[in-house]
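Asker: whatever this is, show me its structure:
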Amino acid sequence: MKVIPPHPRALAALYRWFDSNIFALGREMRLSYLPPLMVYVAAGVSSLTGIVGTFYVKERLGLSAEFLATLGFWMALPWALKMPIGHLVDLIWRWKSLLVYLGASLIMVSLLIMIGLLGYTDTMQSVASVESWYVAAALLAPIGYVLQDVVADAMTVEAVPRVEENGEPLSSEKRKQMHVTMQTLGRVAIIGGSVLVSIANVILMHDVGTMPEEGRTAAYLLVYQLALVIPFISVCGVFFASWLRQRNMRRFVVQGLSRKEAEALLTIHAEAPPVNWWILGGGAVFTIVSLSIGLGGSSAAEEIVFCLSMAIVLFLIWRLSSELDADARNQLVGTAILIFIFRALPTPGAGATWWMIDQLGFDQQFLATLSLIGAALTLAGMFIFRRFMAERSMAYIIGMLTIAGTLLSLPIVGMYFGLHEWTAALTGGIVDARFIAIIDTALESPLGQIAMIPMLAWIANSAPDKLKATFFAVMASFTNLALSASQLSTKYMNQIFIVTREVSDPVSGEISVPADYSELGVLLITVTIIGFILPLLAIVIIKHTRFRSA
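Answerer: Model prediction:
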């Protein structure tokens, strides 16, 4: 058979595409970008324990899908505290690295609790129940990641220089492009960290599903021990940032500038902004009230805290938006609303994963493989859609992601009703459940991160100089509250459609909760319909108001 070589023009076009979307990003990389990227990599590496955590909960804890959705709400809630933390970073800009150390300490304590549960179960149980320890570990980790994330966001602003190496000012257009590059690299660092740990999980989870109980415990324990590298990476990023600053100071001094002049060129905050007691006070009140309601055990605790936090965030957005002109204010509000609704959509919850494990036979290694495929293709998608993100409006991006996400959710719905059995019979067993899951993951994985990059870049470039971290934090708090709304709506879905996996006594083997996936199909269909209608409806409404998207 004659092989037709590719046309030279096609090769040239392909090279130009790689050059503008991938190679250009590498050329635009600066050493100053590395410190925040290290903190972001640590956030990406945090997914190392995700699969182990899923199986640990399923195999050893009797927590329901509804309880896990509720726990997810409280785990997402600390991200709403990015507002006061962000303003605190602006106030203590020179000492913001202390928050990274605090965050790293909390993450380490969370990991040590899980190491204790796996390696010293009896000792831990003598103090408190396994479920209580697990909840404590689950709540400590996000607080640590929030602290590190706020500082990392601020470090991205600091990483984009205002002057060339010779001291000449950079143009506003060039700095805008550098902000886009920095935010893109930040997402690449997070996803890149996920790729690394997905590879590790594929190796570490090899044949774990067939191991006896002791072998699985040892494998899970090793994963949590390896995860202790996470706080180490973020702390190294802070040390590297300090070293870079000292190096740049020395370079400017050698060029003839005084130390004070060199400091002025390298400092984003020439002076601290005035203390905004609305933000600090609101954050303190929110924290106290949330803890009081949460510990009080109110049946509507999540709803009360969510409404309170939403009221505080909206009030602070209204106060801070006075720093912007009317056009920029309308753009900020319109963009934030679209992102919020897109991220607030309900999910099927833990029951869908349990069903895949029990009914489709997805074991630890296969889920690790899916995670690797998803993370790798998400990373590739960051490059592939780089121009798309830069040139399209947020409304267009979210509209396309909504349509694509809906279409890609259909195979999972279909498999519940036997799609994989039909395709396997038709193809001699080739297109089975695992084949469909791999293809679906490959197509869907790049979509999740795309919507965030344009907004992050816009905030970094548009926020007032003295309030960079504050604006980052306020807008991030608003959009991250959408994750809390998503967990709330997921809880409601799991209250309406009851999905349970088998729970048995580890000693006697007596089944206390039987597996029941009979309502999962309707749950999947309902979630898919909601996920299609709400974002498109929001886009239409925004288009017909004075607000607009970035």
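Asker: and D516, its phi and psi?
Answerer: D516 adopts backbone torsions of phi -150, psi 100, taken as degrees, to the nearest 10.
Asker: contacts only, for it.
Answerer: Applying Cβ atoms under 8 Å, 6 or more residues apart in numbering to D516 gives the contacts 498-500. Bear in mind the C-beta positions are built from the backbone N, C-alpha and C, glycine included.
Asker: now the helices for the stretch 251-400 of the chain?
Answerer: Remark: helices assigned in the stretch 251-400 of the chain by DSSP state H, counting those that start in this stretch are 259-266, 277-296, 301-320, 326-343, 350-358, 364-384, 386-391, 394-416.
Asker: any residues touching the fifth one, and which ones?
Answerer: The contact list for helix 350-358, computed with Cβ under 8 Å, 6+ apart, reads 54-55, 57-58, 65, 68-69, 362-363, 367, 412, 416, 437, 494, 499-502, 515, 517, 520, 523-524.
Asker: what pLDDT does A460 get?
Answerer: pLDDT for A460: 61.
Asker: okay, and the helix or strand of the chain with the least pLDDT?
Answerer: Of all helical and strand segments in the chain, the minimum by mean pLDDT, DSSP states H and E falls on helix 452-462, at a mean of 62.
Asker: next SSE after it?
Answerer: Next helix or strand after helix 452-462 toward the C-terminus (DSSP states H and E): helix 468-496.
Asker: partners of the very next helix or strand once past that next one, with directions?
Answerer: For helix 468-496, the following helix or strand on the C-terminal side (DSSP H and E) is strand 503-504. In the sheet, strand 503-504 lines up against strand 511-513 (antiparallel) (DSSP bridges).
Asker: got the angle for whatever helix or strand comes next after the partner strand vs helix 350-358?
Answerer: Proceeding N to C from strand 511-513, the next assigned helix or strand is helix 520-543, under DSSP H and E. If you take axes from the mean of the first three to the mean of the last three Cα atoms, to 10 degrees, helix 520-543 sits at 140 degrees to helix 350-358.
Asker: buried ones in helix 520-543?
Answerer: For helix 520-543, the neighbour count (16 or more other Cβ atoms under 10 Å) marks 520, 523-525, 527-528, 531-532, 534-536, 538-539, 542 as buried.
Asker: I199 reaches L372, doesn't it?
Answerer: Yes. Look at I199 against L372 with Cβ atoms under 8 Å: they come within range, at 5.9 Å.
Asker: so for these two, which residues contact both of them?
Answerer: In terms of Cβ under 8 Å, 6+ apart, I199 and L372 are not both contacted by any residue.
Asker: give me the more crowded residue out of these two.
Answerer: For I199 and L372, the more surrounded residue by other Cβ atoms under 10 Å is L372, and the numbers stand at 20 against 15.
Asker: per-residue pLDDT of L106, please?
Answerer: pLDDT, read off for L106, is 94.
Asker: OK, contacts around it?
Answerer: 140-141, 143-144, 147.
Asker: as JSON lines, those with secondary structure and pLDDT would be great.
Answerer: Putting the contacts of L106 into JSON lines (DSSP: H, G, I helix; E, B strand; the rest coil; pLDDT from 0 to 100) gives the following:
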{"residue": "L140", "secondary structure": "helix", "pLDDT": "91"}
{"residue": "A141", "secondary structure": "helix", "pLDDT": "91"}
{"residue": "I143", "secondary structure": "helix", "pLDDT": "90"}
{"residue": "G144", "secondary structure": "helix", "pLDDT": "91"}
{"residue": "L147", "secondary structure": "helix", "pLDDT": "90"}
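Asker: picking up where we left off before, name the member of the contacts of D516 with the most neighbours.
Answerer: The residue in those with the most neighbours, by other Cβ under 10 Å, is V499 (23 neighbours).
Asker: and the residue nearest to L222 when sequence neighbours are not counted, what is it in contact with?
Answerer: Among residues not flanking L222 along the chain, L204 sits closest, at 6.5 Å (Cβ to Cβ, 6 or more residues apart in numbering). L204 is in contact with 219, 222-223, 226, 368, counting by Cβ under 8 Å, 6+ apart.
Asker: if we use 10 Å, what do you get?
Answerer: Neighbouring residues of L204 by Cβ atoms under 10 Å, 6 or more residues apart in numbering: 48, 51-52, 197, 219-220, 222-223, 226, 364-365, 368.
Asker: list just the nearest of the residues you listed to T490.
Answerer: Of all the contacts of L204, I51 has the smallest distance to T490: 19.7 Å, by Cβ to Cβ.
Asker: pLDDT weak spots in the stretch 101-250 of the chain?
Answerer: The model of the stretch 101-250 of the chain has pLDDT under 70 over residues 164-167, 172.
Asker: about what we covered before: got the helices of the stretch 251-400 of the chain as a markdown table, with distance to G44 columns?
Answerer: Putting these into a markdown table (distance: least, Cβ to Cβ, whole Å) gives the following:
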| stretch | distance to G44 |
| --- | --- |
| helix 259-266 | 28 |
| helix 277-296 | 27 |
| helix 301-320 | 26 |
| helix 326-343 | 19 |
| helix 350-358 | 21 |
| helix 364-384 | 8 |
| helix 386-391 | 18 |
| helix 394-416 | 21 |
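Asker: of all those helices, which one is nearest V130?
Answerer: Closest approach to V130 among the helices of the stretch 251-400 of the chain (Cβ to Cβ): helix 350-358, 17.4 Å.
Asker: and the closest one with helix 364-384, angle?
Answerer: Calculated by the same axes, to 10 degrees, helix 350-358 forms an angle of 120 degrees with helix 364-384.
Asker: what mean pLDDT does helix 350-358 have?
Answerer: In this model, helix 350-358 has an average pLDDT of 86.
Asker: that helix: which residues count as buried?
Answerer: 350-357.
Asker: save those residues as TSV, and put in distance to L320 too.
Answerer: TSV is the format used below for the buried residues of helix 350-358 (distance: Cβ to Cβ, whole Å):
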residue	distance to L320
A350	37
G351	40
A352	38
T353	39
W354	42
W355	44
M356	43
I357	45
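Asker: nearest to P8 among those?
Answerer: Using Cβ to Cβ, M356 is the member of these that lies nearest P8, at 46.8 Å.
Asker: from R187, how far out is that closest one?
Answerer: Using Cβ to Cβ, to the nearest Å, M356 is found at 27 Å from R187.
Asker: just to revisit the earlier point, between the contacts of D516, which is closest to D122?
Answerer: Taking Cβ to Cβ as the measure, D122 lies nearest T500 of the contacts of D516, at 28.2 Å.
Asker: would you confirm that that closest one contacts G349?
Answerer: No. With contact defined as Cβ atoms under 10 Å, T500 does not reach G349; the gap is 11.4 Å.
Asker: any residues in contact with both of these two?
Answerer: With Cβ under 10 Å, 6+ apart, T500 and G349 have common neighbours 64-66, 494.
Asker: need the longest helix for the protein.
Answerer: In the chain, taking DSSP state H as the definition, the longest helix is helix 172-204.
Asker: could the contacts of L106 be laid out in a markdown table, adding distance to H179 and neighbour count?
Answerer: What follows is the contacts of L106, written out as a markdown table (distance: Cβ to Cβ, whole Å; neighbours: other Cβ atoms under 10 Å):
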| residue | distance to H179 | neighbour count |
| --- | --- | --- |
| L140 | 32 | 21 |
| A141 | 29 | 25 |
| I143 | 28 | 19 |
| G144 | 27 | 27 |
| L147 | 23 | 28 |
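Asker: burial count for F18?
Answerer: For F18, the number of neighbouring residues by other Cβ under 10 Å comes to 12.
Asker: so after the helix or strand containing it, what's the next helix or strand?
Answerer: Assigned by DSSP H and E, F18 belongs to helix 8-18. Under the assignment DSSP H and E, the closest C-terminal helix or strand after helix 8-18 is helix 24-27.
Asker: buried residues, the host helix or strand of A154. List them.
Answerer: Using DSSP H and E, A154 sits within helix 130-159. By neighbour count with 16+ other Cβ under 10 Å, helix 130-159 contains the buried residues 133-135, 137-159.
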